[in-house]
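Q: Sequence first, predicted model second:
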Amino acid sequence: MILVLVETDANGAVEVSCETITFLRRLSAEGGGVPIDAVAIGELACSPEQLASQLASYGVRDVHHATGEAFASYGGAAWAAAVQGVRQATGAVVVSAAGTPRGMEVLAHVAARTGVAMAANVVAFEGLAPFTVTRQVVGGSALEEMVLDERPAVFTVAGHAVEALPAETPAAGNLVASSPEVGAADLVARVVSSEPPPPDLSGGLKSARVVVGAGRGAGSADGFGDLLELTELLDASLGVSRVVTSLGWRPHHEQVGQTGSRISPDLYVACGISGAIQHWAGCATAKTILAVNTDAEAPMVTKAHYAVIGDLHEVVPAINEEIRRRRSAG
Amino acid sequence: MVDVLVCVKRVVDSSGEVVLTDDGQSVDGRFAGYTMSNHEECAVELAVQIASATGGTATVATLGEPEAVEQLRAALAVGCTAATHVEADPAAFGPADVARELAAVVRAHEAEGRPHDLVLLGNDAADSGDFQVGIRLAYELGRPVVNGAALVEVEDDAVVARVKSPDGRETYRVSLPAVVTVLEGGVEPRYPTVPGRMKAKKVEIEQRTPAAEPRGSKRKRLLLPPPQPSDVQVLGKGADAAPAVVDLFEKLGVLR
């Protein structure tokens, strides 16, 4: 049996959890149709019945909903105890989650508690005997083949490793109430207070349909005027490279890359960004990339779908002017 | 007074092209240089700030090849005052092995009368990206762990850690001793001063050997993703390309 930790919001399981289940369906099929169960923990923003129905369409047999005082606020160890309780009750030989901060944390706890290895950010599996997975390392610029020969096999699935797709044949999606035992030590480190996110000055970077990016080519903290205007004209979000935040030109929450936000917009306009692999790790899943750069051989240019060769301080004002001209004409 | 141990890892500077060693077992850093992970630079900064604010100490530790002393001296140059080097081939050590060796360092220091109230680590290493050494270390030591903190402060006998979450910002308050893994973005690592560098050179680094045989990382091999052929369409040069760019925007339907 395969067990997957699902993360939820008001609409049910989040997209990356659905991607993970889609990935696990392939594993299930390879193993001859091993059932997939899910575990959701704590008070949910959606209704449990709605979640079970949604997960049934993705091929999940049972949805274990762990509730109780122990889960009134988030704690990695308590959540791991819940996952472990369901795993033991169901005899799951695979435990998985999406490669989100929470998924990584909870599964690392599970792996530590059960004394087995954990593979983070898996993108593929090669075979079952031995069970060999391929995972992203070095920020996604290299891959590692790793054998998971212990049980349970514990791994997280990298975001966008597969596209989330409902199952051809829905499963039962039974809602199963669960009240796992949680030890006192598991409740020591948990959230004592939370506050809403500060105003997102980056304009919802992670969910933006269009992102205007800027790198060292901006030249200085004062070099963003035209870029900000383009951002406004396109109703986009501004994203920057690490060098821009390191130099203090823009705040860290605008950073795109391995240690910043990972974005998947319909269009990424990357201006004056050379395309170091750490930055590429954060924008590689953009549907269309337009690079503006003086260097025709820069990695961002050669990897882009479209490019303009030139200084962003000449190109971007001209684009802004052309947009304004067409609007006034039109 | 809080005595902090901050754990770092020598990793290849991967800001350029990634090259693998001939045996496919590691990233070849001969031409790229080495550094510590970005998260760990922030962990070092937090360790130094906490030690300074509480009148305590900041000790840096690493498991790695002899050259990893370079990363220890980098931490000493920005304010750590002691360093421990567990000399070993890091490729032979998986996350569980590293956690066990770091726990052995904590216990050894405790036995010598210099316990560490707080252990800080990076959230994950820039090379292996395992996301688990800090949590495994906490289990080895029987301590609570907070993961992915951007800001870490000590108030009375507790560590207060602030973590960004999908819903905003979450605060944890955990009694010491504890383990916290640090995510880049909460503090700016300071640059070493010339006197700092000079002082770091003189610090005697404690040398240790691994406490146990490693079980390994389960790695079969590393490989590079297949190169993507460039099919970039150049829309033009300089300002003259603007009409073609806006045509593209219209085609993609992204103009308001």
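A: Great, that's in hand. Owing to the predicted nature of the structure, the values given are computational and were not obtained by experimental measurement.

Q: In PDB, please show the C-alpha coordinates belonging to stretch A:28-43.
A: Presented in PDB, the C-alpha positions along stretch A:28-43 are these (Å, rounded to 0.1, in the frame of the first residue of the first chain):
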ATOM      1  CA  SER A  28       1.000   1.800  -8.200                       C
ATOM      2  CA  ALA A  29       0.500   0.600 -11.700                       C
ATOM      3  CA  GLU A  30       4.100  -0.600 -12.000                       C
ATOM      4  CA  GLY A  31       3.500  -2.500  -8.800                       C
ATOM      5  CA  GLY A  32       0.400  -4.300 -10.100                       C
ATOM      6  CA  GLY A  33      -2.200  -1.900  -8.800                       C
ATOM      7  CA  VAL A  34      -1.100  -1.300  -5.200                       C
ATOM      8  CA  PRO A  35      -3.800   0.800  -3.500                       C
ATOM      9  CA  ILE A  36      -3.100   4.500  -2.700                       C
ATOM     10  CA  ASP A  37      -4.300   5.900   0.600                       C
ATOM     11  CA  ALA A  38      -4.100   9.600   1.600                       C
ATOM     12  CA  VAL A  39      -3.700  11.200   5.000                       C
ATOM     13  CA  ALA A  40      -4.900  14.800   5.800                       C
ATOM     14  CA  ILE A  41      -4.200  16.300   9.200                       C
ATOM     15  CA  GLY A  42      -5.900  18.700  11.500                       C
ATOM     16  CA  GLU A  43      -8.800  21.100  10.900                       C
END
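
Q: what lines up beside the longest strand along chain A in the sheet?
A: In chain A, with assignment by DSSP state E, the single longest strand is strand A:118-128. Strand pairing for strand A:118-128, using DSSP bridges, gives strand A:131-137 (antiparallel), strand A:153-157 (parallel).

Q: Please enumerate the strands of the stretch 51-200 of chain A.
A: With DSSP state E, counting those that start in this stretch, the ranges of strands along the stretch 51-200 of chain A come out as A:62-66, A:94-98, A:118-128, A:131-137, A:142-147, A:153-157, A:174-178, A:191-195.

Q: Format the CA atom coordinates belonging to the fourth one as PDB.
A: What follows is strand A:131-137, C-alpha atoms only, in PDB (Å, rounded to 0.1, in the frame of the first residue of the first chain):
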ATOM      1  CA  PHE A 131      13.400   0.500  -6.100                       C
ATOM      2  CA  THR A 132      15.500   3.200  -7.800                       C
ATOM      3  CA  VAL A 133      14.400   6.900  -7.900                       C
ATOM      4  CA  THR A 134      15.800   9.900  -9.700                       C
ATOM      5  CA  ARG A 135      15.800  13.100  -7.800                       C
ATOM      6  CA  GLN A 136      16.900  16.700  -8.300                       C
ATOM      7  CA  VAL A 137      20.100  17.900  -6.600                       C
END
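
Q: which outside residues touch it?
A: A:119-126, A:142-149, A:153, A:155, A:158, B:127-129, B:220, B:222 (C-beta atoms under 8 Å, 6 or more residues apart in numbering or on different chains). All C-beta atoms are positioned from the backbone trio N, CA, C, and that covers glycine.

Q: hmm, which of these are the buried ones?
A: Buried residues within the contacts of strand A:131-137, counting neighbours by 16 or more other C-beta atoms under 10 Å in any protein chain shown: A:119-125, A:142-148, A:153, A:155, A:158, B:127-129, B:220, B:222.

Q: So residue A:100 is in contact with residue A:7, correct?
A: Yes: between residue A:100 and residue A:7 there is a contact under C-beta atoms under 8 Å: 6.4 Å.

Q: most packed of the strands paired with strand A:118-128?
A: strand A:153-157 (a mean of 27; mean count of other C-beta atoms under 10 Å in any protein chain shown).

Q: Compute the inter-axis angle for it and strand A:142-147.
A: Comparing the axes of strand A:153-157 and strand A:142-147 via axes from the mean of the first three to the mean of the last three C-alpha atoms, to 10 degrees yields an angle of 160 degrees.

Q: hang on, the earlier thing: figure out which of the strands paired with strand A:118-128 is closest to residue B:32.
A: strand A:131-137 (15.1 Å; C-beta to C-beta).

Q: Next, the angle strand A:94-98 makes with the closest one.
A: Using the same axes, to 10 degrees: strand A:131-137 against strand A:94-98 is 20 degrees.

Q: how about the strands paired with strand A:118-128 in TSV, adding mean pLDDT and distance to residue B:70?
A: Putting the strands paired with strand A:118-128 into TSV (pLDDT from 0 to 100; distance: least, C-beta to C-beta, whole Å) gives the following:
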stretch	mean pLDDT	distance to residue B:70
strand A:131-137	96	22
strand A:153-157	98	32
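
Q: For my notes, please list those strands in CSV and give distance to residue A:296 for each entry.
A: What follows is the strands paired with strand A:118-128, written out as CSV (distance: least, C-beta to C-beta, whole Å):
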stretch, distance to residue A:296
strand A:131-137, 29
strand A:153-157, 37
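
Q: number of nearby residues for residue 116?
A: This is for chain A. Residue A:116: 18 surrounding residues under other C-beta atoms under 10 Å in any protein chain shown.

Q: please go with chain B instead
A: Using other C-beta under 10 Å: residue B:116 sits among 25 other residues.

Q: picking up where we left off before, can you redo the strands of the stretch 51-200 of chain A as TSV, where the extra columns are distance to residue A:56?
A: Listed next are the strands of the stretch 51-200 of chain A as TSV, based on distance: least, C-beta to C-beta, whole Å:
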stretch	distance to residue A:56
strand A:62-66	8
strand A:94-98	18
strand A:118-128	24
strand A:131-137	27
strand A:142-147	32
strand A:153-157	20
strand A:174-178	8
strand A:191-195	31
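
Q: right, and those - which one's nearest residue A:108?
A: Comparing the strands of the stretch 51-200 of chain A by C-beta to C-beta, strand A:118-128 comes nearest, at 5.9 Å.

Q: tell me what the helix or strand encompassing residue B:109 is packed against?
A: Secondary structure assigned from DSSP states H and E places residue B:109 in helix B:95-111. Counting contacts by 3 or more C-beta pairs under 8 Å, 6 or more residues apart in numbering or on different chains; DSSP states H and E, helix B:95-111 is packed against strand B:3-8, strand B:57-64, strand B:82-87, helix B:133-141, strand B:206-208.

Q: again, only using 7 Å
A: Other helices and strands packing on helix B:95-111, by 3 or more C-beta pairs under 7 Å, 6 or more residues apart in numbering or on different chains; DSSP states H and E, are strand B:57-64, strand B:82-87, helix B:133-141.

Q: Tell me the first helix or strand C-terminal of the last one.
A: The reference is to helix B:133-141. Following helix B:133-141 toward the C-terminus (DSSP H and E): strand B:145-155.

Q: Who are the contact partners of residue B:85?
A: The contact partners of residue B:85, by C-beta atoms under 7 Å, 6 or more residues apart in numbering or on different chains, come to B:62, B:68, B:69, B:72, B:205, B:206, B:207, B:208.

Q: mind checking pLDDT for it?
A: Per-residue confidence (pLDDT) for residue B:85: 98.

Q: Against residue B:111, how distant is it?
A: Between residue B:85 and residue B:111 the computed distance is 18 Å (C-beta to C-beta, to the nearest Å).

Q: swap in residue B:172?
A: Per C-beta to C-beta, residue B:172 is found 29 Å from residue B:111.

Q: Among the two, which residue is more densely surrounded?
A: Using other C-beta under 10 Å, the more surrounded residue of residue B:172 and residue B:111 is residue B:172, with 28 against 9.

Q: Report the contact partners of residue A:96.
A: Contacts of residue A:96 (C-beta under 7 Å, 6+ apart): A:2, A:4, A:20, A:24, A:155, A:156, A:157.

Q: Now with 10 Å, please.
A: Residue A:96 sits next to A:2-5, A:20-21, A:23-24, A:27, A:36, A:103, A:107, A:119, A:122, A:152-157 when contact means C-beta atoms under 10 Å, 6 or more residues apart in numbering or on different chains.

Q: Tell me what it is bridged to.
A: Going by DSSP bridges, residue A:96 forms beta bridges with residue A:4, residue A:155.

Q: List the residues that contact residue A:265.
A: A:205-213, A:236-237, A:239, A:283, A:285-289, B:254.

Q: Filter those residues down to just the ones in helices.
A: Among the contacts of residue A:265, the members found in helices (DSSP state H) are residue A:283.

Q: Kind regards, and thank you for your time.
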